[in-house]
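Chemist: need a structure here:
(2 chains)
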Amino acid sequence: MTNRTPKLSAGQTRRIQDELRDAYDFDPKDPLFGLSRQDLSGPRLGRRAVLRLMAASGTLTAAHLVPRIGTRPARAQSGGTLAAGWSGVGEIRTLDPAQINQVLQFQISSNVLSGFTHINTELVAEGDLAEDWSVSDDGKEWTFNLRQGVTFHNGDPFTADDVIFTYQRNKDPQNSIHSAVIANVADVVKVDDHTVRLVLGAPQASLLTKTLERSSGRAMTIVSRGALEELGGSQYGLTPVGTGPFQVTAHSMGQSVVLEKFEDYYDPERPKLDKVTIAPIIDAEPLAAAIEAGDIQLIGGNPIAPEIVDRLLANPDLVVSITPAPGFQSIWLNPWREPFTVSDYNKPLEELMGENGFKARLAFAKALDRDRYIQQAQFGRGVACYGSINPAMASFFDENLGESSTQRFDLEEAKRLLAEAGYPDGEGIPALKLLHTPDQRREAQIIANMLTTSLGIEIELDTKDFPVLIDEFDKMNFDLCRLGSGGDYDPDDALVDWMQTTSKFNGRLRDMNKMPFGNFSDAQVDELIEQQRLETDPDERRALVQEANRITSDKLASAFLFHPMDILVHHTSVNFPPESRIPGLVDLDRTTIST
Amino acid sequence: MSRYLFRRILGAIVVMWAVATLVFFMLRAVPGDPIAAMLFDVGDPAAADAIRQKFGLDQPVWVQYAKWFALVLQGDLGTSLLGSQVEVTRIIREAFPRTISLASLSFLIALVIAVPAGLISALKRHSAVDHAVTMVAFLGLSMPDFWLAILLIIVFAANLQWLPAIGYAPLSDGFWPWFSHLILPSIAIGTPFAAIMARMIRSSMLEVLRTEYMQVARSKGLLKPRLILVHALPNALIPIVTVMGIALALLMAGTVVVENVFAIKGLGRVLIQGILNRDYPVVQGAILVVSAIFVFSNLLVDLVYTVIDPRIRYE
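Modeler: Model (predicted):
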């Protein structure tokens, strides 16, 4: 859905009004919604019936009736070549799932290789290479019936042996950077050629959505034994062979990746396109020019620079789809440095509220006008953030956290707290350094300005290259740091990776003698996060996740800032169906292009 | 002459070695661990250690240097640390034709603009034409090449849609695809150089035109074209060729900004991305190639002098 208002003729306007009126003209008590049985039966539903049903279910808006806006069913036509540009990146360094470390890489590889499951737009895992599965009572053994008749791009048949091979390969850190993801998979047993059993160390709630899903669970993305042997690891990384709807036919690193339709894909309906070319385009201006010139018809890759989005929105030949992205971004306040010191998070909140260090932290977070920041730094695109659980995580996200969290914006309260902490109008606080990458300079300037004008805290910008920044972050060698995460589809991605005492992003390289914990450590939160990992009942798990998230918010694990938006831009000739619209991914198997 | 050549080539190799060694140690002194950055999202220390061990990054710097040097002598530049770990020779081999195409075309465009402009400017000194050329030259010098590049993309690609906005097509795809992708970047790079060279040609020609032998030639009644092209220009060439030599070398390695804008992966981009990613083998390999280009183009310029001016001889 786009944010533009199209110009309509009087005739068009009248027609839309008539259709709307007709769609809502039914007795709500009528089980057939005012339609006849013939209207409702197959093989096709007519437009009037579709609109009536949408009105009856509350999903019909005027946008659906206006030409060229709104969701459109995927056209049946197939064929054609799609040229895509990948934003903000110079080269696609690898497509080997065992080596993939960037979202923009698995946006491509998820079209070429498959996993057991595939996440859909509801963020629910559906079967991909696994047709069916069952779990034992103790939650530790999962049996998967593998899809039959699947072949790799090089003609080799897909069997349980390939699953075993993938597992063995990825278990070894020498072969794969994702071996930790399958640490909980104790063994993979072949039951027969098309059945495997996964034996887990402990029950795991996120098995289907994280470990086995083709995007985040790269450790179990099925690779081709034969192709690896033939091509060698390095070439396989450039031109991987998998079971997906597209195969890589050429890859000139730094220039383009060429994908072509795999004729023997297990679903004969997919893919629709014949060919896709992907060119990495690092600068924002040439990217915008390229799509305006028609050199490319789709933009994927890293998030698009916010300054060109308005320009693309204004272009009538382009469709701009904006949805919440799976991620969060924060300002981290080092609890081991003045004035934000906290020595023990395990104290109850009321007790923490009495400490000066905590008051200063709270003052900082409460002085952050998140809406204004989003307006100025992100050109109005983003969701105010109060915790690491993001809106794309669907039911796990708590919309009300913004109202209840101690972190919510309140400038008067912030000033009061800072004065109580012993720093009225920021006096007594030394100049603090805000660590950030060159890309985030504008954002950092806005934050610094906000805090200086509202609280009187002096903030210096400390711009460092990313490798240096994360080195300082891991060592807890900073005052303030602007950092966050993306590609978080499952609560584990946020809570386990950031909020536990032993989390990998929680000051991993710090001097443990001087700093017993990193950014945050609360025994209750640790416990809740462990419980939710094992909890398979969705409602129970949600309660645990939201509780843990709330505590990290109230106790200021960090000053949470915003959830980014996922912006997909494509030409109107490209039909990108709603089922493919998964934030953070660029699924091309149902996409078509009209000439 | 051959003794001179031998000495120069030896010197060139020594310079290359010195530069490569300096860069080797400087890279490792710069903060920022490539493996940690690469694996940030993954965050697995075991994986990071495994990769460091594989590449010998956990060993003392001297040991790393000795190993690298030994391999270089065998022609093995190692592999990239990141992603698919592609061989450095392959990365450079793929980038080289792009840079050569871009540099050559830019150079040609620069010449086509600069030579007539510089000549006319010198011959019609202080006329309206001279002033116009001077103004345009200053404009060209002051414009950042990436700014001009973006402007060209907006006008010719986005608006008029005459030319592609980004990318590179090899010559094997056909002449027009190769050429159409290179025109805009070449103009962007060539224009500032044209400005420099035009000024150079102008001042050099003015020097020559003032000499006694030119007065003699004029008084002999020789026709203008013959005067300029046969008697004046060849004598003005020495400083011009010097600048051209430097320009060509700079073009080969210094087009990184325009390469970024047009999404062309040439040598400049390989080098800069390598540095930003702390991809040591790629930077080391690319620096070797770039320093080779500089020293050998220097040598080439010196040899060209002997052709232009027979009085110059080396022992």
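Chemist: now do the end-to-end distance for stretch B:159-175.
Modeler: The first and final residues of stretch B:159-175 sit 24 Å from each other (Cα to Cα, to the nearest Å).
Chemist: how about stretch A:354-368: buried residues?
Modeler: Using 16 or more other Cβ atoms under 10 Å in any protein chain shown as the test for burial, stretch A:354-368 gives A:355-368. Backbone N, C-alpha and C define where each C-beta goes, glycine included.
Chemist: for it, the averaged confidence score.
Modeler: Averaging pLDDT along stretch A:354-368 gives 93.
Chemist: outside of that stretch itself, list whatever touches it.
Modeler: Judged by Cβ atoms under 8 Å, 6 or more residues apart in numbering or on different chains, the contacts made with stretch A:354-368 from elsewhere in the structure are A:331, A:333, A:335, A:338-343, A:352-353, A:406-411, A:413-415, A:417-418, A:420-423, A:429, A:447, A:450-451, A:454-455, A:457, A:556, A:559-561.
Chemist: let's go with 6 Å and repeat that
Modeler: Contacts to stretch A:354-368, defined as Cβ atoms under 6 Å, 6 or more residues apart in numbering or on different chains, come from residues A:333, A:339-342, A:352, A:407, A:410, A:413-414, A:417-418, A:420-422, A:454-455, A:556, A:559.
Chemist: next one: stretch A:306-322
Modeler: With Cβ under 6 Å, 6+ apart as the test, stretch A:306-322 has contacts from A:2, A:3, A:284, A:288, A:378, A:379, A:565, A:567, A:568, A:569, A:570, A:572.
Chemist: against chain A, how distant is the closest residue in space to residue B:275 that isn't next to it in sequence?
Modeler: Counting by Cβ to Cβ, 6 or more residues apart in numbering or on different chains, residue B:275 lies nearest to residue B:283, which is 5.6 Å off, once chain neighbours are set aside. Between residue B:283 and chain A the distance is 13 Å, computed by Cβ to the nearest Cβ, to the nearest Å.
Chemist: which parts of the stretch 101-250 of chain B sit against chain A?
Modeler: Residues of the stretch 101-250 of chain B lying close to chain A by Cβ under 6 Å from any Cβ of the partner chain are B:150, B:153, B:154, B:157, B:158, B:161, B:164, B:165, B:166, B:167, B:168.
Chemist: which positions in the stretch 451-595 of chain A make contact with chain B?
Modeler: For the stretch 451-595 of chain A, the residues in contact with chain B (Cβ under 6 Å from any Cβ) are A:465, A:466, A:467, A:468, A:470, A:471, A:504.
Chemist: kindly recompute the last result at 8 Å.
Modeler: Taking Cβ under 8 Å from any Cβ of the partner chain as the test, the list of the stretch 451-595 of chain A residues beside chain B reads A:465-468, A:470-471, A:474, A:485, A:487, A:497, A:504-505, A:508.
Chemist: enumerate the positions of the helix or strand encompassing residue A:415 that are buried.
Modeler: According to DSSP states H and E, residue A:415 maps onto helix A:411-420. Buried positions in helix A:411-420, judged by neighbour count with 16+ other Cβ under 10 Å: A:414, A:415, A:417, A:418, A:419.
Chemist: number of nearby residues for the spatially closest residue to the last one that is not a sequence neighbour?
Modeler: Once flanking residues are discounted, residue A:419 sits nearest to residue A:425: 7.5 Å by Cβ to Cβ, 6+ apart. For residue A:425, the count of nearby residues is 12 (other Cβ atoms under 10 Å in any protein chain shown).
Chemist: tell me how far residue A:425 lies from residue A:405.
Modeler: Note on residue A:425: its distance to residue A:405, by Cβ to Cβ, to the nearest Å, is 25 Å.
Chemist: what does residue B:70 give?
Modeler: According to Cβ to Cβ, residue B:70 and residue A:405 sit 59 Å apart.
Chemist: of the two, give the one with the bigger neighbour count.
Modeler: Neighbour comparison, residue B:70 and residue A:405: the larger count goes to residue A:405, with 20 against 10 (by other Cβ under 10 Å).
Chemist: could you pull up phi and psi at the residue nearest to residue B:275?
Modeler: Its backbone dihedrals place residue B:283 at phi -60, psi -40, with angles given as degrees, to the nearest 10.
Chemist: so it sits right up against residue B:272, yeah?
Modeler: No: counting by Cβ atoms under 8 Å, residue B:283 sits too far from residue B:272 to count as a contact (9.3 Å).
Chemist: A helix includes residue B:135, no?
Modeler: Yes: the assignment for residue B:135 is a helix, going by DSSP: H, G, I helix; E, B strand; the rest coil.
Chemist: how many neighbours does it have?
Modeler: Quick note: residue B:135 (other Cβ under 10 Å) scores 10 neighbours.
Chemist: from chain A, how far out is it?
Modeler: From residue B:135 over to chain A the distance is 27 Å, taken as Cβ to the nearest Cβ.
Chemist: likewise for residue B:205?
Modeler: When distances are taken as Cβ to the nearest Cβ, residue B:205 and chain A turn out to be 39 Å apart.
Chemist: my guess is that residue meets residue B:233, correct?
Modeler: Yes: because the distance of 7.2 Å satisfies Cβ under 8 Å, residue B:205 is recorded as touching residue B:233.
Chemist: higher neighbour count, these two?
Modeler: The residue with more neighbours, out of residue B:205 and residue B:233, is residue B:205; 24 against 19, by other Cβ under 10 Å.
Chemist: next, the more buried one: secondary structure please.
Modeler: Taking three-state DSSP as the rule, one finds residue B:205 in the helix state.
Chemist: helix, strand or coil for the closest residue to it other than its chain neighbours?
Modeler: For residue B:205, the nearest residue in space outside its immediate sequence neighbours is residue B:122; the separation is 3.6 Å by Cβ to Cβ, 6+ apart. Under three-state DSSP, the three-state class of residue B:122 is helix.
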